[in-house]
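1. give me coordinates for this.
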Amino acid sequence: MQAELLIKQAEVADETGVRTADVAVENGAIIAVAPRLPVESAGQQVDGTGLLLMPGFIDLHAHSALRPFDDPLLAAKVGQGFTTELICPDGLGPAPLTDAARTGRERYLQGLEPSAAAHWEWRSAGEFLAALGEARPSTNIVSCVPHSAVRECAMGPVDRKPDAREMAAMRDLVEASLAEGCRAVSFGMIYAPGLYADTEELIGIAEAAAKFDVPLVPHVRNEAAGVIDSIAEFVRVAELTGAALHVSHVKLVGVAHLLADLIDLLTSAQERIRLTFDQYPYGAGSTILSALLPPYAFDGGPEAVLERVRDGRERDRMARDMHAGLPNWENLFAACGPDNVVVTQAAAPRDGDVGKTVAQIAEETGADPAFAVLDLLADTGLDAAMIDHYSEEEVVKEIFVRSGALVGSDGVFNPHPHPRLYGTAPRVLGRFALRDKLITVPEAVTRLSAGPARLLGLDDRGAVVEGRRADLVLLDPARYVDNATYDEPHRTPDGVELVTVGGTPVWSRGHHTGARPGAVNGAVS
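-> Below you'll find the model as predicted:
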């Protein structure tokens, strides 16, 4: 037997256990897994003694849609073992797109998907995926169809119900995007214009997803006091349409007392529908700063938002509602508090505020914290992002252990990112599994790799077995743990000896190899 890559005497982990074996790779695939393989020659041989070999990790919530145009190496992801990423979550993404929507979409996404090099010449999902393939990313890329993008194409950035023609156009666009290569349909019920959709509209979109047997992937309307009803809304949508449901970043924003109710809902729903969910292992979120604004602020698109944050009467109205709240609105400003919201990105002339809390900025400028947010959005043209601390770590761990959640980083590439950008996988495997023993290593394989592969229909990965794609992670279990912190977020984990994507090494002994072998997945049949 000959092999391009031979990993000898590694501790190979799968969902059933851990065993010592050699693994041989040829032409991008695993060709043999067994003790003491009879390999006559190997292009590269790696001693895996004492090291853990796992299938490459799959990030189920990746804001990497535009990053490959600027930074195709994606070192923050491959350096922790992610070899596949699901992009365009939260109903947000660069495609599909219309000429009329282009400027506003770029502005709205800048805080979440910052890019200087993306050309934005695509219009369909297929054209976008083709452009992404030409960027040659290091990781494999799989895309959602983002509902907000679809809605904007069909009816603009407006707060109203679609008419029959617009609803048909949305369904057609979802189906066309799935035919062109997307593998899920995402929703962002706190982001414009998707937040204006009622349940009837969600059902119509879900029917299109069900035709292709791909999952609905929602950021639900409310993850605070209304979290139970908000998840239940999508459970009902899945029941009515037969679509699979995968809830993004399950969490409790300031309502730890609802933990038992949350677990009960998820458990009971799994008896009626195909339900999965993911979680990032931290008690803080990260998103665009404008997510602190009341829903009505976004009617008409980004230019209308900018007019409102600069208009005296509208500023007074929004600040009042940010402090007092509105019925059925997830008010992150009040739920987290100005002391717990940290600016992670801000365009000039406010780039000096990166790393400060809203409370600090308010004190320095002598402004009420709500007006400090409005000023920052006005001065940056909405190009600002944040970290919002909302939960104790013990609550995060309880949800993780009791729910069986899969893993999505939700990492955003901004100047002072959330540590989850670099630390999600090592926190789950290195800290929760290997050190704290909250879950076993085989269960970590399910959470990080095998479960996500099944969800997305990626039958060629998710296990270290003969015939599968050679997306592999070889690591030192004694050293692998998250190093990234809120103060020092740009820190990759130690102990990652080798990461391969399609058999090609992209990370070796703490450094990116420069290789860019990632594949952008094709259409769902």
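
2. assign a three-state SS to the residue minimising distance to the centre of the chain, would you?
-> Nearest to the mean C-alpha position of the chain, by Cα atoms, centre = their mean, lies residue 61 at 1.8 Å. Assigned by DSSP: H, G, I helix; E, B strand; the rest coil, the conformation of residue 61 is strand.

3. use 74 as the first number for this chain going forward.
-> In the new numbering, first residue 74, that becomes residue 134.

4. just to check, it is in contact with residue 483?
-> Yes: Residue 134 is within contact range of residue 483, at 4.6 Å (criterion: Cβ atoms under 8 Å). Yep, even glycine has a C-beta here, placed from its N, CA and C like the rest.

5. what do those two both touch?
-> When contacts are counted by Cβ atoms under 8 Å, 6 or more residues apart in numbering, residue 134 and residue 483 have 162, 321, 322, 353 as shared neighbours.

6. identify the spatial nearest neighbour of the second one, chain neighbours not counted.
-> Excluding its sequence neighbours, the residue lying closest to residue 321 (Cβ to Cβ, 6 or more residues apart in numbering) is residue 292, at 4.9 Å.

7. which helix or which strand is home to residue 249?
-> Residue 249 belongs to helix 237-252 when assigned by DSSP states H and E.

8. just residue 401 next, same as before
-> Going by DSSP H and E, residue 401 is not in any helix or strand.

9. list the contacts of it.
-> 294, 295, 299.

10. quick one: which of those residues has the most company?
-> Each of the contacts of residue 401 was scored for neighbours by other Cβ atoms under 10 Å, and residue 294 scores highest at 23 neighbours.

11. thinking again about what came up before, can you list contacts of the helix holding residue 249?
-> Outside helix 237-252, the residues that reach it (Cβ under 8 Å, 6+ apart) are 168-169, 197-199, 218, 220, 223-224, 226-228, 235, 258, 274, 277-278, 280-282, 284-285, 287, 596-597.

12. same question for stretch 85-94.
-> 82-84, 96, 106-108, 125-128, 514-519, 523, 536-538.

13. can you flag the buried ones in those residues?
-> Using 16 or more other Cβ atoms under 10 Å as the burial test, those include 82-84, 96, 106, 125-128, 514-519, 523, 536-537 as buried.

14. those in helices, which ones?
-> Secondary structure from DSSP state H places 514, 515, 516, 517, 518 of those in helices.

15. Serialize those to a markdown table and add fields for distance to residue 115 and pLDDT.
-> Formatted as a markdown table, these follow (distance: Cβ to Cβ, whole Å; pLDDT from 0 to 100):
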| residue | distance to residue 115 | pLDDT |
| --- | --- | --- |
| 514 | 27 | 98 |
| 515 | 28 | 98 |
| 516 | 32 | 98 |
| 517 | 28 | 98 |
| 518 | 25 | 98 |
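
16. would you list those residues in TSV and tack on distance to residue 120?
-> Converted to TSV, these look like this (distance: Cβ to Cβ, whole Å):
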residue	distance to residue 120
514	20
515	24
516	27
517	23
518	22
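
17. isn't there a helix covering residue 446?
-> Yes: Residue 446 forms part of a helix when assessed by three-state DSSP.

18. report pLDDT for the closest residue to it other than its chain neighbours.
-> Leaving out its chain neighbours, the residue that sits closest to residue 446 by Cβ to Cβ, 6+ apart is residue 365, at 5.4 Å. For residue 365, the pLDDT comes out at 97.

19. neighbours around residue 365, how many?
-> So residue 365, with other Cβ under 10 Å, has 27 neighbours.

20. these two touch, right, it and residue 392?
-> No: counting by Cβ under 8 Å, residue 365 does not reach residue 392; the two are 10.6 Å apart.

21. may I have the strands that pair with the top strand by length along the chain, each with its orientation?
-> Longest strand in the chain, counting residues (DSSP state E): strand 75-86. Strand pairing for strand 75-86, determined by DSSP bridges: strand 91-99 (antiparallel), strand 114-120 (parallel), strand 125-128 (parallel).

22. from the chain's centre, how far out does that strand sit?
-> 31 Å (Cα atoms, centre = their mean, to the nearest Å).

23. what's the answer for stretch 299-316, then?
-> With Cα atoms, centre = their mean, you get 20 Å for stretch 299-316.

24. OK, contacts around the residue nearest to residue 321?
-> Counted by Cβ under 8 Å, 6+ apart, residue 292 has contacts 162, 163, 164, 259, 260, 261, 262, 263, 264, 321, 322.

25. got the phi/psi numbers for it?
-> Backbone geometry at residue 292, expressed as degrees, to the nearest 10, gives phi -90, psi 110.
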